[in-house]
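Novice: kindly return the folded structure for what I paste below:
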Amino acid sequence: MRRSKAISAWSMLAASALVLSACGGSDDADANSGSTVDAASMAEGKAQEGDNFTLADVPEMDPVTVAIDEGYSAYNNNTADANTSYNTYILTSVITGPTVFDGNTPVLVNADVMESVELVSEDPFVVEWKAKPGVKWSDGDEWDCREFYLAWLASSGTTEGFNSASTTGYELMTPECTDDQTFRAEFSEPYLDYMGMFGDVRLLPAHVIEKEVGIDDIREVEPKSDDAKKVAEFWSGEWKGFKPEIMPGSGPYKIKSYDSNSDTVVLDKNPNWIGAKGGPKEITVRAIPDTKAMATALQNGEIDVAASTQPDATAADTLKGLASQGVKYASAAQLTYEHLDLNMKRDVFKDEAARKAFFEVVNREDIVNKLLKPVQADAEPLGSIVFFTGEEGYEDRYGDLMNKGAEAAMKTLEEGGWKKGADGIYEKDGVRFSVSISHNENARRSQTVEIIQSQAQAAGIEIKDDTDPNFLKGRVDKGDYDIALFGWSSAPFKAESKAIYISDGNQNWQGLDDPKIDEAFAKATSATNEDDALKNYIAADEAIAANYATVPLFETPSMWAFRGIDRVYMQSYNGALWNVGEWEAAE
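Specialist: Predicted coordinates for the structure are as follows:
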C-alpha cells in the first residue's frame with residue numbers, strides 16, 4: 001500500500017507520502033532477478049533531459065490491457081481511508097503534478113506542465129512552483145494555481161474535516177498565488193524535502209470543488225471558514241469510485257469507465273493534454289490479486305502487461321518461460337518494504353513484554369528464505385524502518401531483537417508476569433496471548449502468517465490468520481487489527497515517514513506514542529543541512545526499534561512482464577504506467 005515508497009532527501013538535493021504497497025537486469029538472465037531483458041535500459045523516459053521530464057512524441061498504438069495486484073477505489077488517493085499504491089498506479093497518468101520519478105527514482109521536474117520548481121530564498125525559506133500556461137483538464141478547465149492552493153488547504157491541517165493521509169510540510173506553509181500560474185509558499189522553518197510536495201496525484205480539480213460547493217474562487221477560501229469546511233466535506237467524501245462529471249484528467253489520460261464488480265478501470269486520451277499525443281489509444285487496467293493467475297493471463301493473451309508488487313516464485317518461472325512467445329520479463333528492487341505493525345492500543349500489545357516476546361519468536365530469515373529468495377536470490381531481512389539497504393544511515397537495528405527462539409520468548413513473557421494457561425497459551429490479567437495477523441487477499445502474506453504461526457506456537461503464543469480482501473480499503477486506517485501485515489511504498493523523501501510514526505501522525509494507525517520519536521522527526525524535517533537531518537532520522541529509526549512496535553520483514557522487489565510493447569518499466573512508486581504515453585508497439 002501507500003501506503004508510503006523513500007530514498008533520502010539529501011541524495012535528491014545532491015542530484016539536482018507514504019502509501020499502502022533500481023537494480024537493472026542484463027541481456028542475459030540476471031543472477032538475482034532472472035530478468036530476460038535489460039531492465040536498466042528501460043528505466044528512463046525516452047525524451048527526458050537532465051532534471052526535466054517530458055513525454056516523448058511517439059506514434060499512437062492500439063489499446064492495451066494491464067494487470068495489477070489490486071483494484072482502483074478512489075479518485076482522491078490522498079485521504080487516509082483511500083491512500084493505496086494501487087490507486088496511484090492508475091492515477092499517475094490521469095492526474096499530473098510538478099515532478100516525475102523515472103525508474104531510477106531521481107526527482108525530475110515535469111516539464112510538460114511546469115516552467116520550474118525553485119527555492120527562491122533560504123531565509124526566509126520560500127519555494128515557488130510555476131506552471132506552464134495552457135495546461136487543461138480533460139473537461140476544458142484550466143489547470144493552474146488553484147489546484148496548488150486546494151492541495152495546500154486540504155493537507156495543511158488547518159481545517160477540520162480534511163481526512164488527509166499526510167500533512168507533512170504543508171503545515172509549515174503560508175501560501176500565495178502570485179498569479180494564475182505561480183504558487184509561492186513561505187515556510188515557517190526550512191523544509192529540505194520541498195521537491196516532494198504536490199506530487200503523488202495530489203493536485204485535484206479546484207474548479208470541480210468550486211462548482212459543486214458553490215464558491216467563486218478556491219483561493220479566497222480561508223482556513224477554518226464555513227466554506228473551507230464545505231470544501232473539506234466534498235474533498236474527503238465525494239471523490240471515491242468514479243463519476244465522470246466530477247473526475248476529469250489533467251495528465252495524458254483520463255478515466256473513461258470503472259467497474260467495481262470486475263475491478264476494472266478503462267483509461268482513454270485526455271483531448272486537452274498539452275504534451276505528446278502518442279501511446280496506447282486506450283488502457284484497460286485489471287486487478288488480478290493472484291500473481292500466478294496474472295502470469296497465466298499473460299500467457300493466454302488476455303493481458304499485455306503483468307505488473308506485480310507481490311513477487312511469487314511460481315509466477316516468475318511461468319513468465320520467464322514465455323520468451324518464445326515474445327514476452328519480456330524483469331524484476332527490480334523497489335522502495336517498498338513488507339512489515340508487521342503491532343497495535344499498541346490492543347490490551348496484549350500495551351504490554352512491552354508481549355511485544356518483545358513476539359519479536360523474539362519471529363524468524364525473518366526463514367520467511368525470506370522460503371518466500372523471497374526464489375524470486376530475488378540475494379534477498380535479506382530488512383534492518384531498518386526509516387532507511388533502505390545501502391542508504392547512508394542504514395544499519396541493522398532489528399537483528400539483535402529478533403529470532404531468539406521459543407525459550408527466550410517464554411522467558412521474556414514469564415519475567416513480565418505472563419503465565420501459561422491450561423491450553424498452553426500465555427495469559428496475563430485475564431488477557432490471552434491470542435492475536436490475529438490481518439492482511440489483504442494475498443498468497444505470499446498467507447504463507448508469511450503460516451510460518452509465524454508455527455514459530456509462535458512453540459512459545460505459547462496463538463496466531464490467527466485474518467485474511468480480508470478489503471483490509472487495505474477501510475480497516476487498516478482505522479486501526480482495526482491486532483497485527484497488520486502490509487507494505488509501505490515510500491516516495492524519495494524521508495520526511496514522509498513522519499506521518500506514520502509520530503504520536504499525532506495522520507497515518508499512525510497503530511497508536512505508537514514516544515516523545516523521542518516525535519522529537520527526532522521534528523528535528524530531522526526542520527534541519528537546515530543534510531548532516532543534521534541524517535543524525536535525527538537515525539535517532540528516529542533507533543527509537544522506533546526500541547519500542548518493539550514494527551517488524552520490518554524485507555524490501556519487496558517488483559516483477560513485471562509484457563508483450564507487444566517496445567519497453568515497459570515498473571517504476572518503484574508509480575507502477576508501470578508512469579510513462580505509458582510513450583509506449584510504442586514492438587517491432
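Novice: for Y481, see how far away the residue nearest to V135 when sequence neighbours are not counted is.
Specialist: Excluding its sequence neighbours, the residue lying closest to V135 (CB to CB, 6 or more residues apart in numbering) is W143, at 4.2 Å. In this view, the C-beta of every residue, glycine as well, is placed from N, C-alpha and C. Distance, W143 to Y481, using CB to CB, to the nearest Å: 39 Å.
Novice: which one's the longest strand in this protein?
Specialist: strand 114-122 (DSSP state E).
Novice: which strands and helices sit next to that strand?
Specialist: strand 125-131 (3 or more CB pairs under 8 Å, 6 or more residues apart in numbering; DSSP states H and E).
Novice: show me what the strand it packs on pairs with in its sheet, parallel or antiparallel.
Specialist: strand 114-122 (antiparallel), strand 182-187 (antiparallel) (DSSP bridges).
Novice: off-centre distance for the longest one?
Specialist: This means strand 114-122. 26 Å (CA atoms, centre = their mean, to the nearest Å).
Novice: surely G161 forms part of a helix?
Specialist: No. The assignment for G161 (DSSP: H, G, I helix; E, B strand; the rest coil) gives coil, which keeps it out of a helix.
Novice: so which strand or helix has the closest residue to it other than its chain neighbours?
Specialist: Leaving aside its sequence neighbours, G161 sits nearest to A232 (CB to CB, 6+ apart; 3.2 Å). If you go by DSSP states H and E, A232 is part of helix 226-237.
Novice: now the helices for the stretch 151-300 of the chain?
Specialist: 206-213, 226-237, 291-299 (DSSP state H, counting those that start in this stretch).
Novice: then the chain?
Specialist: For the chain, the helices defined by DSSP state H cover 9-15, 85-91, 145-155, 206-213, 226-237, 291-299, 313-320, 352-361, 364-371, 406-415, 443-457, 498-501, 515-525, 530-546.
Novice: how about those in TSV, adding mean neighbour count, mean pLDDT and distance to G575?
Specialist: Shown next, in TSV, are the helices of the chain (neighbours: other CB atoms under 10 Å; pLDDT from 0 to 100; distance: least, CB to CB, whole Å):
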stretch	mean neighbour count	mean pLDDT	distance to G575
helix 9-15	18	30	20
helix 85-91	27	94	3
helix 145-155	24	98	21
helix 206-213	20	98	25
helix 226-237	18	97	24
helix 291-299	22	96	14
helix 313-320	20	92	17
helix 352-361	23	98	32
helix 364-371	18	94	22
helix 406-415	18	98	39
helix 443-457	18	95	18
helix 498-501	26	88	21
helix 515-525	20	94	27
helix 530-546	20	94	27
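Novice: just give me the neighbour total for G241.
Specialist: 13 (other CB atoms under 10 Å).
Novice: same check, this time on the one 5 residues further on
Specialist: Applying the criterion other CB under 10 Å, we find 17 residues in the vicinity of I246.
Novice: need the contact list for it.
Specialist: 205, 208, 212, 238-239 (CB atoms under 8 Å, 6 or more residues apart in numbering).
Novice: repeat for N261
Specialist: Applying CB under 8 Å, 6+ apart, no residues contact N261.
Novice: not counting sequence-adjacent ones, nearest residue to G416?
Specialist: Nearest one to G416, counting by CB to CB, 6+ apart, is A353 at 2.5 Å.
Novice: low-confidence stretches in this protein?
Specialist: Within the chain, the segments meeting pLDDT under 70 span 1-34, 491-492.
Novice: distance of the spatially most distant residue from the centre of it relative to E414?
Specialist: Here the centre of the chain is the reference, and by CA atoms, centre = their mean the most remote residue is A422, at 43.9 Å. Between A422 and E414 the computed distance is 16 Å (CB to CB).
Novice: swap in D532?
Specialist: When D532 is compared with E414 (using CB to CB), they lie 43 Å apart.
Novice: same thing with M344?
Specialist: 22 Å.
Novice: likewise for T88?
Specialist: 46 Å.
Novice: and if you look at T96?
Specialist: In terms of CB to CB, T96 sits 58 Å off from E414.
Novice: next up, the contacts around E176.
Specialist: E176 touches 183-186, counting by CB under 8 Å, 6+ apart.
Novice: what do you get if the cut-off is 10 Å, keeping everything else the same?
Specialist: 126, 128, 145, 149, 182-186, 219 (CB atoms under 10 Å, 6 or more residues apart in numbering).
Novice: what do you get for S446?
Specialist: For S446, the contacting residues are 437, 439, 465, 467, 485, by CB under 10 Å, 6+ apart.
Novice: nearest to Y537 among the residues you listed?
Specialist: L485 (24.8 Å; CB to CB).
Novice: report the contact partners of that closest one.
Specialist: Contact partners of L485, counting by CB under 10 Å, 6+ apart, are 338-341, 437-440, 442, 444-446, 448-449, 452, 465-467, 471, 476, 551, 553.
Novice: skipping its backbone neighbours, what lies nearest it in space?
Specialist: H439 (4.0 Å).
Novice: for the one you found, give its distance to Q48.
Specialist: The gap separating H439 from Q48 is 37 Å, by CB to CB.
Novice: could you do P248 as well?
Specialist: Using CB to CB, P248 is found at 26 Å from Q48.
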